[in-house]
Structures are given as structure tokens and as C-alpha cells.
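Compute the structure for the input listed below.
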Amino acid sequence: MTTIQKIILDNRPQGVATVDNFKLIETAAPVLKDGEVLIRHYYLSLDPYMRGRMNESKSYAQPQALGEVMIGGTVGEVVQSLHAKFKTGDYVVGMGGWQTHSVVHGDTPGAIRKVDTTHVPLSYYLGAVGMPGVTAWYGLVRIMEPKAGQTVTVSAASGAVGSALGALAKARGCRVVGIAGGKDKCDYVVNELGFDACVDYKQQKDYLSLSKALRDACPNGIDAHFENVGGMVLDAVMIRTNAFGRIAVCGMIAGYDGAPLPMTHPSLILVNRLKVQGFIVSEHMEDWPTALTELAQLVARGKLKPRETIAQGLSHAPEAFLGLLKGKNFGKQLVKLI
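Predicted coordinates for the structure are as follows:
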């Protein structure tokens with residue numbers, strides 16, 4: 001009998017999330033029914049969007065249910081299968097959640113898909129060649145629409161989405177400037193990811209000083225921006241945007257604790273005729289195959305070199321997740337479950 005360890009959402013955060021919002025439990029794996037697959041998870045993905053799901057307030061997706069396994073992407077190995085398309089030993093990616101194993105029906109659309117680890121490490125399917133990478137691709141290609149020679153900026157540049165965005169934009173001949181927190185992250189963004197420049201927001205006291213730093217890094221202004229953070233960062237970027245600039249809004253991590261995030265100069269949307277568009281990548285599944293193909297090619301050619309921060313063991317997932325929200329991770333945050 002297989003025992004499954006799970007982390008459930010035990011109670012909702014009141015302001016800042018804490019480890020006490022989570023609870024580790026154990027259950028026995030169910031007996032497989034016809035068409036079902038039992039997967040042993042190797043890695044769990046931790047992503048900022050999970051914080052928003054912990055709240056009960058209205059959002060783009062239903063709140064995480066109390067008493068249920070926390071949502072999350074996983075990669076792992078099929079250990080038992082009653083479905084013709086999947087066999088024992090297959091590597092698969094899916095949304096298995098914060099648990100050591102999951103049982104899914106092989107015919108459920110989008111539940112799991114097989115992946116090839118010949119040229120792409122298994123863990124990358126949760127980052128550069130997974131949901132974060134596709135998020136970067138969609139924001140850049142479908143919303144930002146940069147032309148060669150234009151200046152593209154991205155906040156949280158050293159993270160899973162930001163690093164992919166940089167590689168994709170450089171492949172299109174853009175000048176790419178990152179915004180990250182700390183000298184080490186900025187050095188990585190420039191020296192390993194190949195960005196043209198990176199601005200350390202932690203060295204700036206407010207949005208005005210950050211805007212001045214962006215002016216130095218982007219002497220020709222900003223043509224397109226990818227936003228993961230919001231708040232002071234977005235305020236600073238908007239001051240530097242050129243006419244007809246495009247801003248893809250993927251995350252507002254600065255406001256995930258529930259406090260409002262006012263925009264300091266919304267009039268700039270009109271003055272600069274900006275396009276500001278939010279998006280949820282799971283609503284655009286038709287673009288995933290094209291995006292994943294390009295991302296895998298960038299990894300295989302060494303043009304995308306993502307970093308990973310790996311916590312060991314499911315019990316450390318809550319602490320690692322809270323660290324992610326505070327920017328303690330370097331690159332993609334994962335939990336190794338084997």
C-alpha cells in the first residue's frame with residue numbers, strides 16, 4: 001500500500017502568509033480504476049500565483065479550498081498505469097499538487113503529458129520549458145510584440161519567468177534590461193542570462209530613484225515591459241515608457257498580502273497611449289505547443305540557462321514558498337520530493 005504525504009491549506013492567511021496556514025497529512029493511495037495512472041512526483045513547483053489562491057477574495061481563479069491539497073505543478077514518473085497511453089517508467093508533467101503522489105485519469109484534458117528528458121532536464125519542465133516559460137512567451141509575443149532594436153524590460157528578471165523572457169527577447173534582437181533585487185541576482189541576469197543591463201531595485205529608496213536608474217539603463221526609453229511585481233516597480237517603469245508602449249501584466253506579487261496597490265501616475269496610460277494588458281497563461285493553451293518548442297530549443301542550444309533553488313522534502317515546501325514571496329530564491333523555486 002502506497003502512502004501519500006500531502007500538504008493542505010488548513011486556514012486562510014490574515015495578512016502575511018505563515019507556515020501555520022498549512023498542514024502536512026498522510027493518506028493511503030486509492031486503488032486505481034480503469035484509465036487511471038499513479039504518479040510518483042520528483043519535483044514540485046512553487047510559484048507566486050499560489051499566494052493569491054490562498055485568499056478567499058475574488059480573483060481570476062477559484063480560491064484554494066480549505067482542507068484540500070495545495071495546487072501546484074509537478075513532474076514525476078508513472079509507477080502504475082491502467083491507461084493504454086501511459087506505461088510504468090514514463091516521465092510526465094502535470095498539476096499534481098503539494099503531495100508525493102497523485103492519481104489522475106489519463107483521458108482528462110491537460111491533466112498530464114509525457115516529456116522527453118534527452119535534452120531537457122526533468123525539472124526544467126516546471127520552469128523554463130513549462131508554465132513559467134510559456135507565460136514569458138505569451139506575454140512577449142502576443143502582448144508586448146517587440147521589434148528588433150527596441151528596449152524590453154522585465155521585473156523579477158532572475159526568476160523563472162524573467163529569465164525565459166530575457167532569452168526570448170534577445171532571440172528577437174531586442175535590448176533587454178532586467179529589474180531584480182540584489183547584486184548577485186543582477187550579476188547573474190547580465191553575466192549568465194545575457195541581459196544588456198540590470199537594475200537593482202533594492203538600491204533605490206522609492207519609485208523616483210528607481211526610475212532614474214532605469215533612465216540610465218534604458219537611454220532610449222522602454223518600448224515594452226513585462227510586469228511580475230507591481231507597486232513601486234511598475235510606477236518607475238511607466239515614467240520611462242515610450243509612446244505606444246506595451247505592458248504585459250502577469251503578476252502583482254507586491255500586493256499578494258491583500259494591501260491595495262495604487263498606481264501613482266495612471267494618467268501616463270493616456271499620455272503615452274499605453275497598452276496595459278493582464279493575462280492568465282492557462283487561458284491560452286493553443287499557444288503552448290509553439291512556445292514549448294521554442295523554449296526547449298533555447299535550452300538545448302545553451303541560450304537559456306535557468307537557475308534553480310531546490311528545497312529538500314515536502315515538509316519544507318511551506319517555508320520555501322514563503323521565502324519565494326520574499327525573494328529569497330534564486331531562479332526557479334522547486335521542492336525535490338525523492
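
give me phi/psi at residue 334?
phi -130, psi 160 (degrees, to the nearest 10).

where's it relative to residue 328, distance?
14 Å (Cβ to Cβ, to the nearest Å). The C-beta positions use only the backbone N, C-alpha and C, and glycine is treated the same way.

Can you tell me the element the most centrally placed residue in the chain falls in?
When Cα atoms, centre = their mean is applied to the chain, the residue found nearest the centroid is residue 132 (4.0 Å). For residue 132, the enclosing helix or strand under DSSP states H and E is helix 131-138.

Show me how far that helix is from its chain's centre.
Computed by Cα atoms, centre = their mean, to the nearest Å, the chain-centroid distance of helix 131-138 equals 8 Å.

Show me the contact partners of it.
Outside helix 131-138, the residues within contact range by Cβ atoms under 8 Å, 6 or more residues apart in numbering are 45, 47, 73, 126-127, 159-162, 164-165, 168, 226, 250, 279, 281-282, 284, 287-288, 290-292, 294-295, 332.

If we use 7 Å, what do you get?
Here helix 131-138 makes contact (Cβ atoms under 7 Å, 6 or more residues apart in numbering) with 73, 127, 160-161, 164-165, 168, 250, 279, 281, 284, 287-288, 291-292, 294-295, 332.

any idea how far stretch 69-86 is from the chain center?
Using Cα atoms, centre = their mean, the offset of stretch 69-86 from its chain centre is 21 Å.

Straight-line length of that stretch, end to end?
One end of stretch 69-86 sits 24 Å from the other (Cα to Cα, to the nearest Å).

Go ahead and report the secondary structure state at the closest residue to residue 275 other than its chain neighbours.
Closest residue to residue 275 apart from its sequence neighbours, by Cβ to Cβ, 6 or more residues apart in numbering: residue 246 at 4.7 Å. Following DSSP: H, G, I helix; E, B strand; the rest coil, we place residue 246 in the strand state.

pull the helix or strand with minimum mean pLDDT from the protein.
helix 49-54 (a mean of 91; mean pLDDT, DSSP states H and E).

Check which element follows that one along the chain.
Per DSSP H and E, helix 49-54 leads on to strand 74-81 as the next helix or strand towards the C-terminus.

Pull the contacting residues for residue 210.
199, 201, 204, 232-233, 236.

Quickly note the distance from it to residue 181.
From residue 210 over to residue 181 (counting by Cβ to Cβ), the distance is 11 Å.

Over to residue 92?
Taking Cβ to Cβ, one finds residue 92 at 34 Å from residue 181.

Residue 263 too?
21 Å.

Please say which of the two ends up with more neighbours.
residue 181 (20 against 14; other Cβ atoms under 10 Å).

Test my guess that that one contacts residue 327.
Yes. Applying Cβ atoms under 7 Å as the test, residue 181 and residue 327 come out as touching, 5.0 Å apart.

before we move on, back to that, out of the contacts of helix 131-138, which are buried?
Neighbour counting with 16 or more other Cβ atoms under 10 Å marks 73, 127, 160-161, 164-165, 168, 250, 279, 281, 288, 291-292, 294-295, 332 as buried within those.

what about stretch 142-155, how long is it end to end?
Taking Cα to Cα, stretch 142-155 runs 18 Å from one end to the other.

next one: it to chain centre, how far?
The answer for stretch 142-155 is 19 Å, by Cα atoms, centre = their mean.

pLDDT weak spots in this protein?
58-60, 258 (pLDDT under 70).

rerun that using 90 as the cut-off
Residue ranges of the chain with pLDDT under 90: 1, 15, 48-49, 52, 55-62, 109-110, 118-119, 251-262, 305, 326-331.

just the helices in the stretch 51-200 of the chain please.
Per DSSP state H, counting those that start in this stretch, the stretch 51-200 of the chain carries helices over the ranges 131-138, 160-171, 183-191.

packing partners for the longest one?
Using 3 or more Cβ pairs under 7 Å, 6 or more residues apart in numbering; DSSP states H and E, the elements in contact with helix 160-171 are helix 131-138, strand 151-155, strand 175-180, helix 288-300.

looking at the ones you listed, which is closest to residue 15?
With distances scored as Cβ to Cβ, the stretch of those nearest to residue 15 is strand 151-155 (23.1 Å).

Provide the strand pairings for that closest one, with the direction of each partner.
Using DSSP bridges, the strands paired with strand 151-155 are strand 175-180 (parallel), strand 222-227 (parallel).

Turn these into a markdown table, including distance to residue 137.
As requested, the strands paired with strand 151-155 are exported to a markdown table (distance: least, Cβ to Cβ, whole Å):
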| stretch | distance to residue 137 |
| --- | --- |
| strand 175-180 | 14 |
| strand 222-227 | 11 |
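
Nearest to residue 146, out of those?
strand 222-227 (4.8 Å).

what's next to whichever helix or strand comes after that closest one, contact-wise?
Going down the chain from strand 222-227, the next helix or strand is helix 232-240, by DSSP H and E. With contacts defined as Cβ under 7 Å, 6+ apart, helix 232-240 is touched by 153, 155, 179, 201, 206-207, 210-211, 214-215, 218, 221-222, 225, 227, 263-265, 268.

Next, the angle strand 175-180 makes with helix 232-240.
Here the directions of helix 232-240 and strand 175-180 differ by 150 degrees (axes from the mean of the first three to the mean of the last three Cα atoms, to 10 degrees).
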